[in-house]
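S.K.: Structure for this input, please:
(chains A and B)
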Amino acid sequence: MRDPVLAAVRSGLVFLMLAASAAAYEIEEERHFGPEDGREISVLSTTDLASIAPVLEDYVASHPGQRIRYEQAASVELFRAIHDEGAVFDLVMSSAMDLQMKLANDGFAASISPDTGKLPDWARWRNQLFGVGLEPVVTLASRQGLGDLPVPRTRRDLIAMLRENPARFDGRIASYDPKLSGVGYFLMSQDSQQSESFWRLAEVMGRLNARLFCCSGEMIDELRAGRVAIAYNVVASYAARFAPDDPDIVRVALEDYTLAILRSALVPTNAANPAGATDLLSYLLSEPAQRRIAASSQVALIPGTGPDPSIHLRPIRLDTGLLVYDDQLRKAGLLAEWNAAMVQP
Amino acid sequence: MRRGEARPARFSLRRRLVWQFVALSALLVLALFFAVRFAAERASRASQDAVLEAAVISIGDGLRPVDEGLELDLPYATFSMLGAMGDERVFYSLSTDERLITGYENLPPPPGVPGDLSPLFWDADYRGNRLRLAAISRRVLVDTRVEEITVTLGQTRYGQAAIARDTARSSVWIGLGFFVLALPLALWAARSVIRPVDRLAGAVARRGPHDLRPVRHPAPQELLPLVAALNGFITRLRGALALAETFIFEAAHRIRTPLSLVRTEAEIALAETSDEATRQRLRRMVRAIGESSRSANQILDHAMVLYRSDQFSAAPVDFAALSASVLQSVQPIAEMREIDMRAEGLDTACLVPGDDRMIEVALRNILDNALKYSQSEGQVRISLTCREGMATLAVLDEGRGLGPGDEDLTVRFRRGSNVGDIVGSGLGLTIVNEVAAAHGGRFTLQSRAERGTCAILSLPLSDPVSSS
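M.R.: Just a heads-up that it's a prediction; the model follows:
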């Protein structure tokens, strides 16, 4: 339950932070595209700069006079910047679907009409929130780490394998920390909703002292360094970028279900250049840009722009149901349950 | 028969009927739109309210007391359903009287105290959106005391409005379809209403010139007063026509008889007196009386021709025989002035459909004219030809011909520019022309190449089938 005094202190702090600096949220990386004197489109995004840069370069090359200021931030930081701190950006792009949905539901998204092409209906919410890319969430395994064990095909296989080989996997399993990472929490709640076997998996991972990370990148680094054998719930585009041709790493799309989160974009109501942002969004949804995005995530959002989704892939729809993930009470309950599973007596 | 055109009123009965029909249809379409919109709005509102009710109850049911306070199982599917109808925005809150437990802050408060079985509904504005809200209350044991928790759930109703709008719009399309159908229907209905009037008019118009019988054509009830008025009018017309006929013959009789009496008296007086001055005076008198009687005759002839034109009825007339008899009747005058009259083509019958009295008057006027303007010992030639469907009578004299500008001498009381001392009323050629027109023929008058005038009267021949 929320303490009113704490809330007051927190909002007071937010106010102080706002007064002190416009950028109270934390920026991980920033880059400019296009000519200095171009009309600026400011983008706040969780998408890794390295993976989106070619698309943005294409855009400024084909749209002379446009300039893009791209700021990369974690999903929770991004949400706070827009929702609580009144930061001014033209386009906000994030993989944390629940937070994007909350921004749109709470009235932070402007109604726009970009050229959406064949974007499926489930990948947009009203004319405010638009999916720009599918990101399958996979399990990575190290061949060396597995030894002679077969690669698990379902969660049941995975649970059985972990249970039968505690010595091999103790301290060598990686996953998101739902308390640190917005995406991690979102994936955990999706998992808990998809199947009961997830909690058994969580218990097994807790018993084997699984290591929790803030981001996909760190998990992959640990995996390549040989300190981890299995990384559960890694966003595929990271895997493709950090370990594109590592023969040791196996990319497993579990066959009981493989979640795919939707990276979505919105234009905030306070955007300085909404027309430019809409134009950029139209470009992101165009065929050449979608081909590039699909190439890095290895699945097409708009049919025909890349590999079709496999039958095991379960893309998460953009709808108001996503609002439940941000509920304080529900979140507290879920995290408590996760804690109970992770920390075994 | 001359046809009088009625002056049209400012409106057409048919157009008025069609417009009324169309205007009524348009009104019905409009009424349909509003009625359907109202009904659709109510229906979709009721169904949305039912969904909202189920949703708020299921959220309330997800509230459970646990050791450390409260646990809430916020149902994903419920929220998903709430937004499904039209990508609605959803706001919710769980609060006790004094504090918010979870959800959105400052949601509009319920207008009353919500119950715990059926929710309370109301409309309010929140963050610039019109919301439909439902609230329900739940008593939960929290840390040894019972707290009353109000679950409030609100949603926008864009989808509901859109559905109502779409339903109303499709009803308008259906209405417009009916409207488009109504136009030809209205035209057809108007035509079928007007048809008896047209039929009656046709029946009256088809009647012959002599047909003054009352109209007995079957007419719808609404037209009976019109038919009665028409029949009354026909009766009065018959009376007036009979009166005019009587008047013309009465006038002819009353003028001709005294004039000939006066003329006889004057001629006797001329014979009996020997005083040269008196004789001169009497001669002038006789001539003036002759002129008057001639004028009276022509005026009466003209009136007769006009009357008979109006009452035209054709019977087969032997144009050749009639011409011969008229020629016979003017022969004495020709002999008196030693004018040689030669006729050809009068010995074979030549039938024309017509009024023999009218044709006779016309012929006499043509021959009179030819003799009048011929010099003594001159020659008048008459020829009749019947071919190519026309009977053509040509009368050629050796008189003074036409003066310049005398192309149309058939106008009443107009005489040629070179008539000089020859007396005339200026009605003769008018009469001939009227007769030709009544028979569907033609009359022309032109100068001959050397001298004299050529008068040609052409009348259409009888239909060869019916004449044979």
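
S.K.: OK, contacts around residue 74?
M.R.: In the absence of a named chain, this looks at chain A. Counting by CB atoms under 8 Å, 6 or more residues apart in numbering or on different chains, residue A:74 makes contact with A:26, A:28, A:46, A:181-182, A:214. All C-beta atoms are positioned from the backbone trio N, CA, C, and that covers glycine.

S.K.: my question was about chain B
M.R.: Here residue B:74 is in contact with A:324, A:327, A:329-330, B:59, B:62 (CB under 8 Å, 6+ apart).

S.K.: Am I right that it is in a strand?
M.R.: No: with DSSP: H, G, I helix; E, B strand; the rest coil as the criterion, residue B:74 is located in coil rather than a strand.

S.K.: State the pLDDT value of the residue in the stretch 351-468 of chain B that chain A sits nearest to.
M.R.: Residue nearest to chain A within the stretch 351-468 of chain B: residue B:440 (78.6 Å; CB to the nearest CB). Among the per-residue scores, residue B:440 shows a pLDDT of 84.

S.K.: so it sits right up against residue B:458, yeah?
M.R.: No: applying CB atoms under 8 Å as the test, residue B:440 and residue B:458 come out as separate, 9.8 Å apart.

S.K.: Between these two, point out the one with more neighbours.
M.R.: Applying other CB atoms under 10 Å in any protein chain shown to residue B:440 and residue B:458 shows that residue B:458 carries more neighbours, namely 20 against 14.

S.K.: Tell me the buried residues in the one helix or strand residue B:391 maps to?
M.R.: Using DSSP states H and E, residue B:391 falls within strand B:390-396. Under the neighbour-count criterion of 16 or more other CB atoms under 10 Å in any protein chain shown, strand B:390-396 has B:391-396 buried.

S.K.: Over to stretch A:77-93?
M.R.: Buried residues in stretch A:77-93 (16+ other CB under 10 Å): A:77-82, A:85, A:87, A:89-93.

S.K.: Figure out the length between the terminal residues of it.
M.R.: 12 Å (CA to CA, to the nearest Å).

S.K.: can it be found next to chain B?
M.R.: No: contact of stretch A:77-93 with chain B (CB under 8 Å from any CB of the partner chain) is absent, the minimum separation being 12.2 Å.

S.K.: Now find how far off-centre that stretch is within its chain.
M.R.: With CA atoms, centre = their mean, to the nearest Å as the basis, stretch A:77-93 stands 16 Å off its chain's centre.

S.K.: rewinding a little: may I see the contacts of residue B:74 arranged in CSV, with neighbour count, pLDDT and distance to residue A:248 as well?
M.R.: Formatted as CSV, the contacts of residue B:74 follow (neighbours: other CB atoms under 10 Å in any protein chain shown; pLDDT from 0 to 100; distance: CB to CB, whole Å):
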residue, neighbour count, pLDDT, distance to residue A:248
A:324, 26, 88, 39
A:327, 20, 87, 41
A:329, 21, 86, 43
A:330, 20, 87, 39
B:59, 26, 89, 48
B:62, 19, 85, 45
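
S.K.: re the thing from before, quick one: list the elements packing against the strand holding residue B:391.
M.R.: helix B:319-336, helix B:356-372, strand B:379-387, strand B:453-460 (3 or more CB pairs under 8 Å, 6 or more residues apart in numbering or on different chains; DSSP states H and E).

S.K.: which neighbours does that strand have in its sheet, and in what orientation?
M.R.: As defined by DSSP bridges, the strand partners of strand B:390-396 come to strand B:379-387 (antiparallel), strand B:453-460 (antiparallel).

S.K.: Tell me which of those strands sits most buried.
M.R.: strand B:453-460 (a mean of 21; mean count of other CB atoms under 10 Å in any protein chain shown).

S.K.: which outside residues touch that strand?
M.R.: B:319, B:352-354, B:359, B:362-363, B:366, B:369-370, B:373, B:389-397, B:399, B:401-402, B:432, B:436, B:439-448.

S.K.: Filter those residues down to the buried ones and hand me the PyMOL line.
M.R.: In PyMOL, a selection of the buried entries from those looks like this (16+ other CB under 10 Å):
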select buried, chain B and resi 319+352+353+354+359+362+363+366+369+370+373+391+392+393+394+395+396+397+399+401+402+432+436+439+441+443+445+447
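
S.K.: just to revisit the earlier point, any idea which of the contacts of residue A:74 is the one closest to chain B?
M.R.: residue A:182 (17.3 Å).

S.K.: I'd guessed that closest one sits against residue A:75; true?
M.R.: Yes: the criterion here is CB under 8 Å, and residue A:182 meets it with residue A:75 at 3.9 Å.

S.K.: Return the list of helices and strands in contact with whatever helix or strand residue A:104 lives in.
M.R.: Element membership for residue A:104, per DSSP H and E: helix A:97-105. Judged by 3+ CB pairs under 8 Å, 6+ apart, helix A:97-105 is in contact with helix A:75-83, strand A:91-94, strand A:129-142, helix A:182-194, strand A:258-266.

S.K.: Okay, angle between it and strand A:258-266 too, please.
M.R.: 30 degrees (axes from the mean of the first three to the mean of the last three CA atoms, to 10 degrees).

S.K.: Can I get helix A:97-105 in PDB, CA atoms only?
M.R.: C-alpha atoms of helix A:97-105 as PDB (Å, rounded to 0.1, in the frame of the first residue of the first chain):
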ATOM      1  CA  MET A  97       4.400  -2.300 -24.200                       C
ATOM      2  CA  ASP A  98       2.600  -1.800 -20.900                       C
ATOM      3  CA  LEU A  99       4.200   1.600 -20.300                       C
ATOM      4  CA  GLN A 100       3.600   2.700 -23.900                       C
ATOM      5  CA  MET A 101       0.000   1.700 -23.500                       C
ATOM      6  CA  LYS A 102      -0.300   3.600 -20.200                       C
ATOM      7  CA  LEU A 103       1.100   6.700 -21.900                       C
ATOM      8  CA  ALA A 104      -1.500   6.500 -24.600                       C
ATOM      9  CA  ASN A 105      -4.300   5.600 -22.200                       C
END
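
S.K.: quick one: pLDDT of residue 160?
M.R.: No chain specified, so I'll use chain A. pLDDT, residue A:160: 94.

S.K.: nope, chain B please
M.R.: Taking residue B:160 on its own, its pLDDT is 79.

S.K.: as a whole number, average confidence for the helix holding residue A:104?
M.R.: 92.

S.K.: surely residue A:79 meets residue A:102?
M.R.: Yes: Residue A:79 is in contact with residue A:102 according to CB under 8 Å; the separation is 7.4 Å.

S.K.: Name the residue of the stretch 101-250 of chain A with the shortest distance to chain B.
M.R.: residue A:126 (4.2 Å).

S.K.: picking that back up, quick one: which of the contacts of residue B:74 is nearest to residue B:76?
M.R.: residue A:324 (5.1 Å; CB to CB).

S.K.: for chain B, what are the nearby residues on chain A?
M.R.: So chain A meets chain B at A:1-2, A:4, A:104-107, A:125-126, A:193, A:317, A:319-324, A:327-330, A:333 (CB under 8 Å from any CB).

S.K.: Try it again at 6 Å.
M.R.: Chain A comes close to chain B at residues A:1, A:105, A:107, A:125-126, A:319-321, A:323-324, A:327-330, A:333, as judged by CB under 6 Å from any CB of the partner chain.

S.K.: Now do the phi/psi pair for the residue of the stretch 101-250 of chain A closest to chain B.
M.R.: phi 50, psi -150 (degrees, to the nearest 10).

S.K.: The residue nearest to it when sequence neighbours are not counted: neighbour count?
M.R.: Once flanking residues are discounted, residue A:126 sits nearest to residue B:87: 4.2 Å by CB to CB, 6 or more residues apart in numbering or on different chains. Residue B:87: 22 surrounding residues under other CB under 10 Å.
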